[in-house]
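Trainee: I need the structure of the sequence given here:
(one chain, ligands or ions: 1)
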Amino acid sequence: MSALIEARGLEFGPKGAPVLRDVSLRVEAGEIVTLVGPNGSGKSTLLRLVIGALAPRRGRVRRMRGLRIGYVPQSLVLDASLPITVRRFLDLPLRVGDAEAEAALDQSGAGGLGGRQMAALSGGQFQRVLLARAVLNRPQLLILDEPTQGLDQPGQAAFYRRIEALRRDIGCGVLMVSHELHVVMSASDRVICLNGHICCEGTPAVVSAAPAYRELFGTGTGGQLALYRHEHDHAHEGGGTAHHHHQHHAEG
Ligand SMILES: Nc1ncnc2c1ncn2[C@@H]1O[C@H](COP(=O)(O)OP(=O)(O)OP(=O)(O)O)[C@@H](O)[C@H]1O
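Mentor: The predicted structure follows:
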């Protein structure tokens, strides 16, 4: 299988103080890869290099020919006084058909929101609308830069479950940045821990046990990951009434 993107030996930033050095990365079709790392470790910069918005000083990025990328930004500030419905928002920058828009909203958990004002959406609804806009052109690769900032933990968990469902439905690969280690780790096939260079990478279990990862994030994270898994299983066994209620509320 050929990779969606393949980066080799990337270096970026001033020579004496590079932001990224010797970073290599592959994302295969249908794979969920998460970048974690402290503030300023170069995560957003790496995404921009992958998209082609920045050029590396050394190394190269290869994208599959004709690769369609959907991008969900870290945050998007809309002028609250500007009236625009969700449906109109999906027409920016290119108009889309109603059926297409509706399908993208449904797939992103934002079904029925088309007539709502953007300014009146909750944080979770807003993120799902950004996701809908990113899936409009049926991306083969979804790139998400801290997509759940400002969501509470059940909201984050629900968002990442949705990403997994999208990957299943449209078969896209996913490359995302997250700080919500304990939530996102369980939703990823592979985790890459970045701190200017790649400290460690592998399955969530491998990375959370790696000394380099523990040095950066402390040993508590492994415990949190285990705890999250436990809570998640538990909710499905009937202990999830509050969670369910919350989701229901958020969907409304
Ligand atoms: N175009 C650029 N040229 C030179 N340096 C840059 C450029 N863009 C970002 N940087 C620097 O690169 C470093 C890493 O920034 P980046 O935003 O990639 O980190 P991050 O890991 O995404 O951080 P955070 O978790 O805070 O979002 C910062 O010190 C930033 O100032």
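
Trainee: low-scoring stretches of the protein, by residue?
Mentor: Scanning the chain for pLDDT under 70 picks out 1, 219-252.

Trainee: so which bits of it are right by the ligand?
Mentor: Residues of the chain found near the ligand (Cβ under 6 Å from any ligand atom) are G13, V19, G37, N39, G40, S41, G42, K43, S44, T45, L54. Quick note: C-beta positions are derived from backbone N, CA and C, even for glycine.

Trainee: weed out the non-buried ones from the residues you listed.
Mentor: G13, V19, G37, S41, G42, K43, S44, T45, L54 (16 or more other Cβ atoms under 10 Å).

Trainee: burial count for G52?
Mentor: Using other Cβ atoms under 10 Å, the number of residues around G52 comes to 11.

Trainee: give the contact list for it.
Mentor: By Cβ atoms under 8 Å, 6 or more residues apart in numbering, the contact set of G52 is V61, R63.

Trainee: strands along the stretch 101-250 of the chain, start to end?
Mentor: Here the stretch 101-250 of the chain has its strands, by DSSP state E, counting those that start in this stretch, at 141-145, 173-177, 190-194, 198-202.

Trainee: now do the second one: everything it contacts.
Mentor: This means strand 173-177. By Cβ under 8 Å, 6+ apart, strand 173-177 touches 4-5, 27-36, 43-44, 47, 50, 74, 140-147, 163, 167, 184.

Trainee: buried among those residues? Make that a ChimeraX selection.
Mentor: This is how ChimeraX selects the buried members of those, with burial counted by 16+ other Cβ under 10 Å:
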select :4,5,27,30,31,32,33,34,35,36,43,44,47,50,140,141,142,143,144,145,146,147,163,167,184
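
Trainee: can you flag which of the contacts of strand 173-177 belong to helices?
Mentor: K43, S44, L47, V50, I163, R167, V184 (DSSP state H).

Trainee: so which pair among the residues you listed is furthest apart in space?
Mentor: Largest separation among the ones in helices among the contacts of strand 173-177 by Cβ to Cβ: S44 and R167, giving 21.8 Å.

Trainee: for the residues of the chain next to the ligand, which two are the farthest from each other?
Mentor: Using Cβ to Cβ, the two most remote members of the residues of the chain next to the ligand are N39 and L54, lying 18.6 Å apart.

Trainee: relative to L90, which of the strands of the stretch 101-250 of the chain is closest?
Mentor: Smallest distance to L90 across the strands of the stretch 101-250 of the chain (Cβ to Cβ): 16.2 Å, for strand 141-145.

Trainee: dump that closest one to PDB, restricted to CA.
Mentor: Extracted in PDB, the C-alpha atoms of strand 141-145 (Å, rounded to 0.1, in the frame of the first residue of the first chain):
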ATOM      1  CA  LEU A 141      -6.500  12.500   4.600                       C
ATOM      2  CA  LEU A 142      -8.100  14.500   7.400                       C
ATOM      3  CA  ILE A 143      -5.700  16.800   9.300                       C
ATOM      4  CA  LEU A 144      -6.900  18.100  12.600                       C
ATOM      5  CA  ASP A 145      -4.900  20.600  14.700                       C
END
